[in-house]
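> Provided below for reference: sequence and predicted model.
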Amino acid sequence: MHIVVCLKQVPDSAQIRVHPVTNTIMRQGVPTIINPYDLFALEEALRLRDRLGGEVTVLTMGPPMAEDALRKALTFGADRAVLLTDRSFAGSDTLATSYALSMALAKIGEVFGPTPIVFTGKQTIDGDTAQVGPGIAKRLGLNQLTYVARICDLDPAAGTISVERRAEGGVQVLETRMPVLITMLEGTNEMRRGSLDDAYRAARSQIVKWSAADAGITELAKCGLKGSPTIVKKVFAPQARAEKVQQIPTSDLSTDALAASVMAAIFQKQPALEGDLLRFAAGQ
């Protein structure tokens, strides 16, 4: 079974900067890491390969320095790495990114074999939109399973997969046919330690590097800033709250009296809340 994991090299969120004119992320001089959510997707793909056999290919789109993220993924045990890099991709939003990655995934299927499963993380820490995975699935006509917490069963012969998906109302158990795109939730597994052999292999491995033309992308107007209809109107840092924490003495209060004091303090700050709660309790 051939599995592809889409990774993204992202700026360390603690040192992120935004260009004051273009409102795009400035990556120069900022330390980068593999998007933490993508590591859960990579580990799940490696577990499936270990159990069922096959290969895991990691794919990313970015500048040449994104090769570092791919080599890191190889040290964890991925079999192959593909870097989609071209100046025409600069400034891509989620729409343009999903287009370029979907074209690269189609090319991977042609060159390295059919891909019944594509994994991504649930979102990235630099964009937080969670749109690229579903966008890829839509463009390639893949069934999509988002916010997956656990893979329950996978039958390669029947071409079916069932998963547990976390939802607002609880946990859903879904089954669908492959090919499928899965976005993994955080905390679903723990990234393994790479072996020494994998580290040596990663250092020697040749990263497959594709330009837009290599990936079969002919409509460059759909890439980069030209293909990105998203417009950032304003970027700003949230203002720190000036209010101080209100302290309630607890030494001489019973549990009931303490609860009453806390509720009274809340209702003093939000007068309308008390009436809303009373109406809710009355079933109105």
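Everything's here; your move.
> Helix, strand, or coil at Ser251?
coil (DSSP: H, G, I helix; E, B strand; the rest coil).
> how near is it to Ala257?
Applying Cβ to Cβ, to the nearest Å, the value for Ser251 to Ala257 is 12 Å. Every C-beta, even on glycine, is put in place using the N, C-alpha and C of the backbone.
> Could you check which of the two is surrounded by more residues?
More neighbours surround Ala257 than the other of Ser251 and Ala257, with 11 against 4 (other Cβ atoms under 10 Å).
> Would you indicate which residues of the helix or strand where the more buried one lies are buried?
Applying DSSP states H and E as the criterion places Ala257 in helix 255-269. The neighbour-count check on helix 255-269 (16 or more other Cβ atoms under 10 Å) flags nothing as buried.
> For the remainder of this discussion, apply numbering that starts at 741.
In the new numbering, first residue 741, that becomes helix 995-1009.
> quick one: average pLDDT of that helix?
Regarding helix 995-1009, the rounded mean pLDDT is 85.
> And that helix, how far out from the chain middle?
41 Å (Cα atoms, centre = their mean, to the nearest Å).
> likewise stretch 788-807?
Computed by Cα atoms, centre = their mean, the chain-centroid distance of stretch 788-807 equals 15 Å.
> I'd guessed Gln749 sits against Pro776; true?
No - in this structure, Gln749 is not within contact of Pro776 by Cβ atoms under 8 Å, at 11.8 Å.
> Neighbour count for those two, which is higher?
More crowded of Gln749 and Pro776, by other Cβ under 10 Å: Gln749, with 24 against 14.
> how much space between that one and Ala809?
To Ala809, Gln749 is 4 Å away according to Cβ to Cβ.
> likewise Gly909?
36 Å.
> for Asp866, same thing?
13 Å.
> Can you give me the neighbour number for Gly849?
When counting by other Cβ under 10 Å, one arrives at 17 neighbours for Gly849.
> before we move on, back to that, anything in contact with each of Gln749 and Ala809?
Residues touching both Gln749 and Ala809 (Cβ atoms under 8 Å, 6 or more residues apart in numbering): 772-774, 800, 802.
> and of those, the nearest to Pro854?
Closest approach to Pro854 among the shared contacts of Gln749 and Ala809 (Cβ to Cβ): Thr800, at 20.8 Å.
> I figured that closest one was touching Arg811, is that so?
No - assessed by Cβ under 8 Å, Thr800 is found out of contact with Arg811, at 11.0 Å.
> which of those two has more neighbours?
Neighbour totals were compared for Thr800 and Arg811, and Thr800 leads with 25 against 17 (other Cβ under 10 Å).
> host element of that one?
strand 795-801.
> correct me, but Val911 touches Ala889?
Yes - Val911 is within contact range of Ala889, at 7.0 Å (criterion: Cβ under 8 Å).
> who touches both of the two?
Common neighbours of Val911 and Ala889 (criterion: Cβ under 8 Å, 6+ apart): 904-905.
> what about the strands in the stretch 891-1024 of the chain?
900-907, 910-917, 920-924, 948-950 (DSSP state E, counting those that start in this stretch).
> just the stretch 741-890 of the chain next, same as before
742-746, 749-751, 757-758, 765-766, 772-774, 795-801, 820-824, 857-861, 883-895.
> Give me whichever of those is most buried.
strand 857-861 (a mean of 28; mean count of other Cβ atoms under 10 Å).
> so how far is that strand off the chain centroid?
With Cα atoms, centre = their mean, you get 9 Å for strand 857-861.
> List the neighbouring strands of that strand plus their orientation.
strand 742-746 (parallel), strand 920-924 (parallel) (DSSP bridges).
> tell me the mean pLDDT over the last one?
To tie it back to what came earlier, the one meant is strand 920-924. In this model, strand 920-924 has a mean pLDDT of 96.
> repeat for stretch 829-839
Stretch 829-839 carries an average pLDDT of 93.
> how long is that stretch end to end?
One end of stretch 829-839 to the other measures 10 Å (Cα to Cα, to the nearest Å).
> and if you look at stretch 970-983?
For stretch 970-983, the first-to-last residue distance is 35 Å (Cα to Cα).
> Return the set of buried residues in that stretch.
For stretch 970-983, using 16+ other Cβ under 10 Å, no residue counts as buried.
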